[in-house]
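Asker: Could you work out the structure for the sequence below:
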Amino acid sequence: MLPQFVMMSSFESALNLNTFKECRDETIARKVVGKILEAGRYAPSPGNVQCLEFIVIESDDALHKLEESTGNHRISEAPTTILVIGDLPRMRKRVGSSEARKACMAEAAFSVQNMRLVAYENDLASILVSGFDENMVAQKFGVPEGKVPLMAISIGYTDNPQTSEHKFRLQQRCYYDSYGRQITSVFEGLEWKGLKEEKRIYGKKAKGLRDKLRRKLRKVL
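Answerer: Numbering: from 1, shown residues only. As a prediction, this is how the structure comes out:
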């Protein structure tokens, strides 16, 4: 994990997010938890509905209760877990009944990623908890009817951070202009053989650089 004084880009943080198998017995400061929650609150929201609510779980009894409900044993290893709740009726008013759950899940996913990034920037490892029995968790934590526990994030300090699992190479998952057209030189290396196409793509990149320079000049002038 990087020292506090090292400034990380968003790109570095996204690539270096880590998880844990066990955490140190160390409480997370209120100020840090507050920053993580603020990052979650500022997640993109479909229609700007802002349907999310949060329960901060820290007592041993509550953590054990959530661990039992989700089946994830790592929850009790962490000092803090944040349960993310979606307000389905609120979202339905904006996007309709058929899309409400998907919209709430999207907002929850954005929120969790925001929180994980800020946790990492504060030397914390984190895990995503999802796929649990929503009704059971709602009942155990007194969540009102209509509001649904969607996912959770457990955070803690660890001496043995776990790196991300193997990811597919970008060239195996990214295409250009249409599905199946792989132009790897634009993203990963000089492997593309279509010189005419490559010239066109790099022409677009050069135009992008020129446009960026113009924007900076306009700000100065």
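
Asker: Flag the shaky bits of this protein, pLDDT-wise.
Answerer: 1-8, 165, 183-208, 221 (pLDDT under 70).

Asker: can you point me to the longest strand in the protein?
Answerer: Identified as the longest strand of the chain according to DSSP state E is strand 147-156.

Asker: That strand pairs with which strands?
Answerer: strand 80-87 (antiparallel), strand 125-129 (antiparallel) (DSSP bridges).

Asker: Now render these as JSON lines, adding mean neighbour count and distance to residue 68.
Answerer: The C-beta positions use only the backbone N, C-alpha and C, and glycine is treated the same way. Listed next are those as JSON lines, based on neighbours: other CB atoms under 10 Å; distance: least, CB to CB, whole Å:
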{"stretch": "strand 80-87", "mean neighbour count": "24", "distance to residue 68": "13"}
{"stretch": "strand 125-129", "mean neighbour count": "23", "distance to residue 68": "13"}
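
Asker: of all those, which lies closest to residue 182?
Answerer: Shortest distance between residue 182 and these, using CB to CB, is found for strand 125-129: 29.6 Å.

Asker: could you redo the strands paired with strand 147-156 as TSV and give each row distance to residue 175?
Answerer: Shown next, in TSV, are the strands paired with strand 147-156 (distance: least, CB to CB, whole Å):
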stretch	distance to residue 175
strand 80-87	32
strand 125-129	27
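
Asker: how about the closest residue to residue 49 other than its chain neighbours, what does it touch?
Answerer: Distance criterion CB to CB, 6 or more residues apart in numbering; nearest residue to residue 49, sequence neighbours excluded, is residue 94 at 4.8 Å. Applying CB atoms under 8 Å, 6 or more residues apart in numbering to residue 94 gives the contacts 46, 47, 49, 103.

Asker: quick one: residue 94 is in a strand?
Answerer: No - using DSSP: H, G, I helix; E, B strand; the rest coil, the secondary structure at residue 94 is helix, not a strand.

Asker: separation between it and residue 82?
Answerer: 24 Å (CB to CB, to the nearest Å).

Asker: and residue 159, backbone torsions?
Answerer: Dihedral pair for residue 159: phi -90, psi -10, per degrees, to the nearest 10.

Asker: Chain neighbours aside, what residue packs nearest to residue 92?
Answerer: Nearest residue to residue 92, sequence neighbours excluded (CB to CB, 6+ apart): residue 100, at 4.3 Å.
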